[in-house]
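Asks: below is the sequence, then the predicted model.
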Amino acid sequence: MSRIFLLIYILFFLGCKKTTLKPVVESYIPWNEKFSRKIAEGDLIVISPEKSVSASFNYVYDNVKRELTGSIVAIFGIKVANFRITDKGIYVSNNKGDTLSLQKIISSNIIPADVFINCVTYHFPFINDQRVTRMEVLEGELLSFNNYNLLLNKNSGYPLKTIYIIQKKKIEAQYNDIRSIQGTYQPFNVVMSSGNYKLEIRFKNIRLE
């Protein structure tokens, strides 16, 4: 009789062990920490079939409003324009310089404003979405979500490249010179391209709040 009880106890114990719930561990993404604002400054180069334009900039990215506000600065530190970029487009005011090339490239026809914001701020809200498809590739890990394809570094896990495809048009963002800033990874060189258009951003300073 005792052996029967012992067998029942063992079976019960094994059954409980199989159904034990494990704690859910939230994935840690060192390059995408939660922050309210990102403050940055640097230089930008716009290359188009018509001409090339370069200037300095400074901006504040509001993570709650999902918008960039800042200014374009010409030689000798003279402010030539203020800008605001939201998911809907780019708005330029006090324009005293040549910002048409920048306004043209950040458009639905070339680089949509919402794609520009995600790629330039190195912030991808969809990263923890359960619908994200993950695939191991030679260079690292490839994440796919809607129209986005995000290539993560094999060792560190931070993004190396973003490819956004819409209506058979490919928009690519390449990240270089990635540094550790306040415990997060941030690229200090972002090169975006779409067809014959190219936008390069070289950051001099990045600060998170």
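Replies: Sure thing, it's come through.

Asks: from here on, just use CA atoms for contacts and neighbour counts.
Replies: Fine.

Asks: count the residues that sit near Asn196.
Replies: By other CA atoms under 10 Å, the residues close to Asn196 number 10.

Asks: surely it touches Ser48?
Replies: Yes. Judged on CA atoms under 8 Å, Asn196 makes contact with Ser48 at a distance of 6.3 Å.

Asks: find the nearest non-adjacent residue to the residue nearest in space to the middle of the chain, please.
Replies: Centroid-nearest residue in the chain, with CA atoms, centre = their mean: Tyr122, separated by 2.8 Å. Excluding the flanking residues, the one nearest Tyr122 by CA to CA, 6 or more residues apart in numbering is Gln186, at 7.1 Å.

Asks: could you say what helices and strands the helix or strand containing the one you found packs with?
Replies: In this structure, Gln186 sits in strand 184-194 according to DSSP states H and E. In this structure, strand 184-194 packs against strand 169-181, strand 197-208, with contacts taken as 3 or more CA pairs under 8 Å, 6 or more residues apart in numbering; DSSP states H and E.

Asks: of those, which is nearest Ser36?
Replies: Closest approach to Ser36 among the helices and strands packed on strand 184-194 is made by strand 197-208 (7.8 Å; CA to CA).

Asks: strand partners (parallel or antiparallel) of the closest one?
Replies: strand 37-47 (antiparallel), strand 184-194 (antiparallel) (DSSP bridges).

Asks: and the angle for the strand holding Gln186 with strand 169-181?
Replies: 160 degrees (axes from the mean of the first three to the mean of the last three CA atoms, to 10 degrees).
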